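> Predicted model follows, preceded by the sequence.
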Amino acid sequence: MSFSLHLDYDTWVHRLDARTKIVVTSMLFVLALVFSDPAYLLVILGAVLLGMHTARALPNVRKLWVLLVLLFLYSSALWPFFVTGSTTMWMLGPLHVTREGLLFGVGMGLRLNLMVISGLWLLSTTTVEAFAVGLQRLGIPASMGFAFSLAFRWVPTLLGAGSTIVQAQRSRGLDLSSGSVLDRLRRYPPLVVPLVGHVFRQTLLLATALESKGFGPGTPRTVYRSASFGWQDGVVLVGLGMLTGVSVWLRLHGFGAVQVGF
């Protein structure tokens, strides 16, 4: 079972330089943080989903649809009780919900979804190797870039190992679905112990491999893959840069924000 989010397609989005995609994702995060009005955030979210469709990466959105829905619902339900506005919708004792607070909660839910889907767009169209090289060419130290890429590589690896261990223990008669919560927790040591042992073995192998290759924080790094900016990279960066600039200007002049108090 594969837990990797990268989709190996030959679309124009996949062919963009890794540096371009990293900068684009950063700009999308800025756009998500600039606005709090749901109307503005919906426009940006629609554009990001169009980008996911262009990259044929919508299956990854469907994989995480439960997380996206829960983030939206929790934010929409909780934020109205922590912010205030001028238009009261209903009151129940000390609880005071306003129209502005509800709009702010919906906007915060859309903001979280926008940031998650933007990150999915990057991970769906960029390999771990290209991501590490892109960070290094943006000026990030090679050791830090390697740490980021290692995190992206190990999470799917550990999830896959955990799934294999669960299936192996179930084939030996381990029941994880019946009984009370405490009973289920008592059955988890047969899963945790093999997973911890697997992590230790993989960590030792990784350390040995890095040492044999002379990896160190101060060692100059060379890359096998070569990448260069193309006209598509320039168009994407200039277009999104202009959009980010206009968005910041709008926000500074009072547009795209729900007026609430805390």
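Yep, it's here.

> Low-confidence ranges, the stretch 101-250 of the chain, go.
Residues of the stretch 101-250 of the chain meeting the criterion pLDDT under 70: 216-227.

> just the helices in it please.
For the stretch 101-250 of the chain, applying DSSP state H, counting those that start in this stretch gives helices covering 128-137, 142-171, 181-186, 189-212, 231-252.

> starting at the chain centroid, how far to the longest one?
This points to helix 142-171. 16 Å (CA atoms, centre = their mean, to the nearest Å).

> between it and helix 128-137, how big is the angle?
160 degrees (axes from the mean of the first three to the mean of the last three CA atoms, to 10 degrees).

> Could I get the buried residue list for helix 142-171?
Neighbour counts over helix 142-171 (16 or more other CB atoms under 10 Å) mark 142, 145-146, 149, 152-154, 156, 161-162, 165-166, 169 as buried. C-beta: built from backbone N, CA, C; applies to glycine.

> Would you check which pair of these lies furthest apart?
Farthest apart among these by CB to CB are 142 and 169. That separation is 39.6 Å.

> which of the buried residues of helix 142-171 lies closest to residue 12?
Closest to residue 12, out of all of the buried residues of helix 142-171 and judged by CB to CB, is residue 152, at 22.8 Å.

> Quick check: chain neighbours aside, which residue is closest to that closest one?
Closest residue to residue 152 apart from its sequence neighbours, by CB to CB, 6 or more residues apart in numbering: residue 128 at 5.3 Å.

> Report the contact partners of that neighbour.
Residues in contact with residue 128 (CB atoms under 8 Å, 6 or more residues apart in numbering) are 6, 149, 152, 153.

> if we go to 7 Å?
Going by CB atoms under 7 Å, 6 or more residues apart in numbering, residue 128 touches 149, 152, 153.

> Can you lay out these as CSV showing distance to residue 213?
Formatted as CSV, these follow (distance: CB to CB, whole Å):
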residue, distance to residue 213
149, 15
152, 20
153, 16
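
> from these, which is closest to residue 80?
Out of these, the member with the shortest distance to residue 80 (by CB to CB) is residue 152, at 35.5 Å.

> what about that closest one, distance to residue 88?
According to CB to CB, to the nearest Å, residue 152 stands 46 Å off from residue 88.

> Residue 40 now?
Residue 40 is 24 Å from residue 88, where distance means CB to CB.

> who's more crowded, those two?
residue 40 (20 against 13; other CB atoms under 10 Å).

> For the more buried one, list the residues it contacts.
Shown in contact with residue 40 (CB under 7 Å, 6+ apart): residue 256.

> care to break the protein down by domain?
Domain ranges of the chain: 1-138+239-262, 142-216, per automatic domain parsing.

> Which stretch among these is buried most, on average?
Of the domains of the chain, the one with the most neighbours on average (mean count of other CB atoms under 10 Å) is domain 1-138+239-262, at a mean of 17.

> and it, how far from the chain's centre?
So, by CA atoms, centre = their mean, the centroid of domain 1-138+239-262 is 10 Å from its chain's centroid.

> So that it lines up with my notes, have the first residue be 86 from now on.
All set: I'll call the first residue 86, so the last point we hit is now domain 86-223+324-347.

> Residue 121 contacts residue 342, correct?
Yes. If you go by CB atoms under 7 Å, residue 121 and residue 342 touch, sitting 5.1 Å apart.
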